[in-house]
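Novice: quick one, structure for this:
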Amino acid sequence: MDEAKQSDLQLEELHKMNDIVYGQLTFAEAKNGVLVGLLGAGIVSLLIWSFDCGTPCWLSITLWCISTILMISLLLSLASFIPNTRTLHQGKKNDFFWGDIARYSNSEDYLQSFSDKQAMIEDLAQQNIQVSRIIARKNKLFRAAVYCVLIILPFGIFITIVHIFMKLHSYVTQKRS
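Specialist: I've put the predicted structure just below:
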């Protein structure tokens, strides 16, 4: 196989991998977006419950503690949305990175940058590596946020059950008198 055909094959495979990598990036963003929405709704509902006039003081304090841990989880999830471009641009221009593409003043200059096929292959490979690192960071933050939720979830369920039984006990006691 001649060198030109091998370069074409490499470039084609890198483009396929690039599509896979960006699919994983989309999935990581979606997971974190869903978690942010669920955590936000959970925190708001817990805080509303804690401000309810009939809520005992101990339960309000407990709900605030649970909300605080969920807020930490929310912040971890939100941190995954902070753009991390400093690792992408390490002093070398990459024609597959949006920040470097934006520096071109016209399309002719940008198209000219693709005249060197080997440089294109290297840029695309580097882009795939860097985006994969971003995905790994997003997944690490997602995992930490989920662990926070999993740690507090059994406690929250227990507190809810205790509160329900206390309400039932109060209701039964009132009916008897």
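Novice: okay, and the helix or strand of the protein with the least pLDDT?
Specialist: The helix or strand of the chain with the poorest confidence is helix 98-101; it has a mean of 80 (mean pLDDT, DSSP states H and E).
Novice: for stretch 13-27, list every residue counted as buried.
Specialist: 14, 18, 21, 24 (16 or more other C-beta atoms under 10 Å). For glycine as for every other residue, the C-beta is placed from the backbone atoms N, C-alpha and C.
Novice: which residue lies farthest from the center of the chain?
Specialist: Distance to the chain centre peaks in the chain at Ser177, reaching 53.9 Å (criterion: C-alpha atoms, centre = their mean).
Novice: contact partners for Met71?
Specialist: Contact analysis of Met71 by C-beta atoms under 8 Å, 6 or more residues apart in numbering lists 39, 43.
Novice: okay, and it sits in which element?
Specialist: Assessed by DSSP states H and E, Met71 sits inside helix 57-79.
Novice: cool, Val36 as well?
Specialist: helix 3-51.
Novice: give the rounded mean pLDDT of that helix.
Specialist: Mean per-residue pLDDT for helix 3-51: 89.
Novice: measure how that helix sits relative to helix 57-79, angle-wise.
Specialist: For helix 3-51 against helix 57-79, the angle by axes from the mean of the first three to the mean of the last three C-alpha atoms, to 10 degrees is 160 degrees.
Novice: contact partners for the closest residue to Leu74 other than its chain neighbours?
Specialist: With C-beta to C-beta, 6 or more residues apart in numbering as the criterion, Leu74 has its nearest non-adjacent residue at 4.3 Å, and that residue is Leu39. Shown in contact with Leu39 (C-beta under 8 Å, 6+ apart): 70-71, 73-74, 77, 145, 149.
Novice: CSV for the residues you listed, including distance to Val44?
Specialist: Shown next, in CSV, are the contacts of Leu39 (distance: C-beta to C-beta, whole Å):
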residue, distance to Val44
Leu70, 10
Met71, 11
Ser73, 14
Leu74, 11
Ser77, 15
Ala145, 17
Val149, 15
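Novice: top of the residues you listed by neighbour count?
Specialist: Ser77 (27 neighbours; other C-beta atoms under 10 Å).
Novice: how far off centre is the top helix by length along the chain?
Specialist: As assigned by DSSP state H, the longest helix anywhere in the chain is helix 117-176. Helix 117-176 sits 10 Å away from the centroid of its parent chain (C-alpha atoms, centre = their mean, to the nearest Å).
Novice: tilt between it and helix 3-51?
Specialist: Using the same axes, to 10 degrees: helix 117-176 against helix 3-51 is 20 degrees.
Novice: let me see the mean pLDDT of helix 117-176.
Specialist: pLDDT averaged over helix 117-176 gives 88.
Novice: elements contacting that helix?
Specialist: helix 3-51, helix 57-79 (3 or more C-beta pairs under 8 Å, 6 or more residues apart in numbering; DSSP states H and E).
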